[in-house]
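Student: Provided below for reference: sequence and predicted model.
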Amino acid sequence: MNVLVAGLSPRDEAAFGFFLSRSMKGWSWASTPAGRGTVLPKADLLVADLVALGLAQWSQAAEAELLRVLQGNSAVLLVPSNDQTWATMNPVTVKQHALVWLRKPYGTEDMRMALEKAAAACQQAAAPPPAAARAKPAPRSPGAVPGAATLSEGPGPVTPTAPPVARSPQERPVLPTVSFRSPASLPQVVSHDASDEVPGLSAQDLQTRLAGLPDSGRHLFLRKLAAMLMQRQPFEARFTVHNSVIFHPVDGWVASNTPMMVIERVCQSDALAAAVTVREIEGSQAEERAHRLGMPLRELDTFLWELATASLDKKSGGAAGSRLH
């Protein structure tokens with residue numbers, strides 16, 4: 001089985017390759033870039049992140065776009081941790097296209113079960129329909145010549161000359177547009193277990209946590225961030241001339257070329273936070289700018305959880321006099 005991976009981060013790609021080489025013997029994989037409007041090449045099976053495809057939430061338009069992007073491919077689709085909208089998709093359509101939902105965060109066993117379920121659905125869809133039961137010939141009238149057929153009976157049964165040849169899954173053509181990498185070519189990876197994943201934090205949850213803090217005047221950047229996210233409008237936070245973070249609350253993604261350590265320092269220092277500028281941008285412009293600046297997309301909820309954990313779950317000291325470089 002050849003698997004095409006779309007929209008995963010480099011780390012998750014490496015972990016997926018490590019998992020596949022150890023848990024799914026005989027399977028191979030390749031990766032392809034993913035973004036809004038990307039049409040994915042044909043493959044035995046796809047593993048695609050809906051956030052990276054710009055389809056974090058279901059709608060009739062998003063469903064139509066997803067089916068266009070998949071081009072009839074069966075797929076394991078990675079769903080944002082807090083999303084419930086894709087569960088409303090017509091189950092008949094889901095079954096017809098052999099789609100399997102996998103909610104993030106997930107572990108290796110979750111991925112294995114999803115791949116096996118999708119592969120079984122693929123094989124079931126590719127199997128020929130059962131042959132129609134051959135009608136038993138009507139009794140012949142006395143005196144009829146053996147082997148002769150009347151007009152009402154139609155022609156007699158034909159004996160097949162050879163049984164049909166069963167084709168094995170290995171005879172499927174290999175993807176012509178991608179070269180599959182061997183496990184030996186993968187970078188150093190960490191086992192992709194559920195313990196490696198982080199839970200999510202919504203904008204509403206972040207705002208609730210901030211409201212419960214005893215000092216309502218601190219954490220300037222996180223408060224500004226929560227307020228902007230609740231407006232449901234894409235925006236960009238600029239830390240320096242060259243470093244920024246782009247947020248898309250509706251589609252549930254964030255893109256950044258700023259080191260996480262720098263962002264955490266800003267969250268812990270109101271003096272640094274005061275220098276950060278924020279501007280609203282259009283949705284299409286947000287993703288276009290992220291791609292132009294080479295910013296990888298990631299899930300917004302996990303990003304917020306990491307910031308809250310680093311800034312609110314531990315004492316922050318000494319950051320007020322820090323400088324951004």
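Tutor: Perfect, I can see it now. Keep in mind that what you see is a predicted model, and the values were worked out from it rather than measured.
Student: CA only for contacts and neighbour counts going forward, please
Tutor: Fine.
Student: low-confidence ranges in the chain?
Tutor: Counting by pLDDT under 70, the ranges of the chain that qualify are 125-198, 216-217, 314-325.
Student: what sits opposite the residue nearest the centre of the chain in the beta ladder?
Tutor: Against the mean C-alpha coordinate of the chain, by Cα atoms, centre = their mean, the closest residue is residue 49 at 1.6 Å. Beta bridges link residue 49 to residue 78, judged by DSSP bridges.
Student: report the contact partners of it.
Tutor: Shown in contact with residue 49 (Cα atoms under 8 Å, 6 or more residues apart in numbering): 6-8, 77-79.
Student: repeat that for residue 303.
Tutor: Listed by Cα under 8 Å, 6+ apart, the contact set of residue 303 reads 200, 254.
Student: does it belong to a helix, a strand or coil?
Tutor: Secondary structure, DSSP: H, G, I helix; E, B strand; the rest coil: residue 303 is helix.
Student: distance of it relative to residue 245?
Tutor: Separation of residue 303 from residue 245 (Cα to Cα, to the nearest Å) stands at 11 Å.
Student: what's the answer for residue 124, then?
Tutor: 44 Å.
Student: same check on residue 211?
Tutor: In this view, residue 211 and residue 245 are 24 Å apart by Cα to Cα.
Student: more crowded one of these two?
Tutor: In this view residue 211 and residue 245 are compared by other Cα atoms under 10 Å, and residue 245 has more residues nearby, 19 against 12.
Student: one step back: who touches both of residue 303 and residue 245?
Tutor: With Cα under 8 Å, 6+ apart, residue 303 and residue 245 have common neighbours residue 254.
Student: residue 115 reaches residue 76, doesn't it?
Tutor: Yes: counting by Cα atoms under 8 Å, residue 76 is a contact partner of residue 115 at 6.7 Å.
Student: who has more neighbours, these two?
Tutor: Between residue 115 and residue 76, counted using other Cα under 10 Å, residue 76 has the larger neighbour count: 25 against 21.
Student: how about the more buried one, what does it touch?
Tutor: Applying Cα under 8 Å, 6+ apart, we find residue 76 in contact with 45-48, 99-102, 114-115, 118.
Student: out of these, list just those in strands.
Tutor: Here DSSP state E is the test, and those give 45-48, 99-102 as lying in strands.
Student: out of the residues you listed, who's the most crowded?
Tutor: residue 46 (26 neighbours).
Student: not counting sequence-adjacent ones, nearest residue to that residue?
Tutor: For residue 46, ignoring the flanking residues on the chain, the nearest one in space by Cα to Cα, 6 or more residues apart in numbering is residue 75 at 4.4 Å.
Student: from residue 41, how far off is the residue nearest to the centre of the chain?
Tutor: 15 Å.
Student: now do the helix or strand hosting residue 209: distance to the chain's middle.
Tutor: For residue 209, the element it lies in under DSSP states H and E is helix 203-211. Taking Cα atoms, centre = their mean, to the nearest Å, the mean C-alpha location of helix 203-211 is offset from the chain mean by 27 Å.
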